[in-house]
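In: sequence-free structure coming up:
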């Protein structure tokens, strides 16, 4: 079996309308929520064998602390241009090409592609993935190339709003 952890980037800023979508940074809430996201991911585990992330600024800013927290080397934390604006089909292609030596991969990306992917893979998929969502799936496969619809079971789901009242 394989484990797939999908993370939607932390909340991004729309404050500067002149910025291209690709260059949008995290807003104050995203910056505030990010350390908790990383801590919960570390606590829940397991350590990923690889981390793949979109090159957009908001996903890079979300992925960097995860890379540091899990002590991932540059060859284990991979910026993948294919992930920016990827739909579920493109994400499936990326995952199906992973080497079988990888047992747990983490992917930091964007909606709607991440949500579409989760909904295709997992019968227990949520209806939405807010920013900062982590969803970890157990895949009933032994080879990434066998990834197909309905092969996943949700292990856990977390997002920042679940922890807001604890911070007040």
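Out: Right, received. Where do you want to start? Remember, predicted model here, so these are calculated numbers, not experimental data.

In: pLDDT below threshold where in the protein?
Out: The model of the chain has pLDDT under 70 over residues 165-168.

In: Assign a three-state SS to residue 51, would you?
Out: strand (DSSP: H, G, I helix; E, B strand; the rest coil).

In: where exactly do the helices run in the protein?
Out: In the chain, the helices defined using DSSP state H lie at 28-44, 57-69, 88-96, 113-121, 164-167.

In: Quick check: buried residues in the third one?
Out: Taking 16 or more other C-beta atoms under 10 Å as the basis for neighbour counts, the residues of helix 88-96 that come out buried are 88, 91-92, 94-95. Quick note: C-beta positions are derived from backbone N, CA and C, even for glycine.

In: hang on, the earlier thing: figure out which of the helices of the chain is closest to residue 152.
Out: helix 113-121 (4.0 Å; C-beta to C-beta).

In: elements contacting the closest one?
Out: strand 2-8, helix 88-96, strand 134-139 (3 or more C-beta pairs under 8 Å, 6 or more residues apart in numbering; DSSP states H and E).

In: make it 10 Å
Out: Where contact means 3 or more C-beta pairs under 10 Å, 6 or more residues apart in numbering; DSSP states H and E, helix 113-121 is packed against strand 2-8, helix 88-96, strand 104-109, strand 134-139, strand 152-158.

In: right, so of these, which gets closest to residue 68?
Out: strand 104-109 (13.3 Å).

In: quick one: strands adjacent to that closest one?
Out: strand 2-8 (parallel), strand 50-53 (parallel) (DSSP bridges).

In: thinking again about what came up before, any chance of the helices and strands packed on helix 113-121 in CSV, plus distance to residue 37?
Out: CSV is the format used below for these (distance: least, C-beta to C-beta, whole Å):
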stretch, distance to residue 37
strand 2-8, 7
helix 88-96, 20
strand 104-109, 10
strand 134-139, 7
strand 152-158, 8
